[in-house]
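S.K.: sequence-free structure coming up:
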Ligand code: NAD
């Protein structure tokens, strides 16, 4: 039993693909009303179509999470559509081409920090007041195992995900007494478009990625969705400020 209540409202960013889409579908299967958000309207609408085809309720709101005005409109639009916001999964994120730190470009740094860090900050900035006003809420941010330790040739991405962990922990403490819990999921390598794009530029990557997980394979999007549902639910009522690795044992080595 997940203990999410049917009729509650969940918001998912980056829900047009991969982990975000799988989690939006999982929230809908729990009977929640889901606001599907993505910067890409076509893929976001497709996720809504999948939820509705399975008998669930969902609405799409287009949002680039790097824009304060768009994120405010997303949260306002969620409340306008469904009256409240119980759970937010701040998941939109981007990766960049791999390379050593000194080869990185300023525009790459700005782009990745804009989506992965500012985006998560803006989402929480606008979601938390709604949750405080209604007296409850739970937020999960997508970090990465690259936010828990070194990620050679991915230093900017790694720094951005460490920042997500920092935002998550600090906000969790700030609102701990207000019945608003804030946690992060830290996936290892998960089979998504992001991962497949990386394999195109380096075909050996699939083999290498499987081997870096003690369980001998990469993860599935549904396995991250299940962790998000757990963290949102009352089963995790005593859990806040956690950066939870979902990683096939990768960080245990
Ligand atoms: P994905 O590329 O399959 O999906 C990401 C989605 O985010 C896309 O639909 C994209 O349109 C959307 N998006 C990108 N920029 C956006 C923006 N500015 N505003 C709103 N939406 C935007 O990626 P994924 O693998 O599902 O990754 C989801 C999250 O998980 C990311 O934060 C990523 O860093 C993290 N993550 C992924 C892996 C992995 O192996 N796939 C591992 C660890 C962490």
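M.R.: Cool, got the structure. The structure displayed is predicted, hence computed values, not measured ones.
S.K.: which helix or strand contains residue 171?
M.R.: helix 155-174 (DSSP states H and E).
S.K.: list the contacts of that helix.
M.R.: 93, 95-96, 100-101, 104, 108-109, 112-113, 116-117, 120-121, 124, 128, 139, 141-144, 146-148, 150-151, 181-184, 186, 240-243 (CB atoms under 8 Å, 6 or more residues apart in numbering). From N, CA and C alone the C-beta is placed, and that goes for glycine too.
S.K.: can you pull the residues of the stretch 1-150 of the chain lying near the ligand?
M.R.: 13-14, 16-20, 38-40, 43, 63-66, 91-94, 115, 119, 142, 144 (CB under 6 Å from any ligand atom).
S.K.: give me the neighbour count for residue 106.
M.R.: Neighbour count of residue 106, defined by other CB atoms under 10 Å: 7.
S.K.: actually residue 14, sorry about that
M.R.: 30.
S.K.: contacting residues around residue 242?
M.R.: By CB under 8 Å, 6+ apart, residue 242 lies in contact with 172, 183, 184, 231.
S.K.: pretty sure the last one contacts residue 182?
M.R.: Translated: residue 231. No - judged on CB atoms under 8 Å, residue 231 makes no contact with residue 182 at a distance of 9.4 Å.
S.K.: residues contacting the residue in the stretch 51-200 of the chain that the ligand sits nearest to?
M.R.: Proximity of the stretch 51-200 of the chain to the ligand (CB to the nearest ligand atom) peaks at residue 93, 2.1 Å away. Contact analysis of residue 93 by CB under 8 Å, 6+ apart lists 14, 115, 116, 119, 142, 160.
S.K.: equivalent analysis for residue 190, please.
M.R.: Residue 190 touches 18, 19, 218, 219, 220, 221, 223, 224, counting by CB under 8 Å, 6+ apart.
S.K.: what about the contacts of residue 242, which one has the most neighbours?
M.R.: Neighbour counts for the contacts of residue 242 (other CB under 10 Å) peak at residue 184, which has 28 neighbours.
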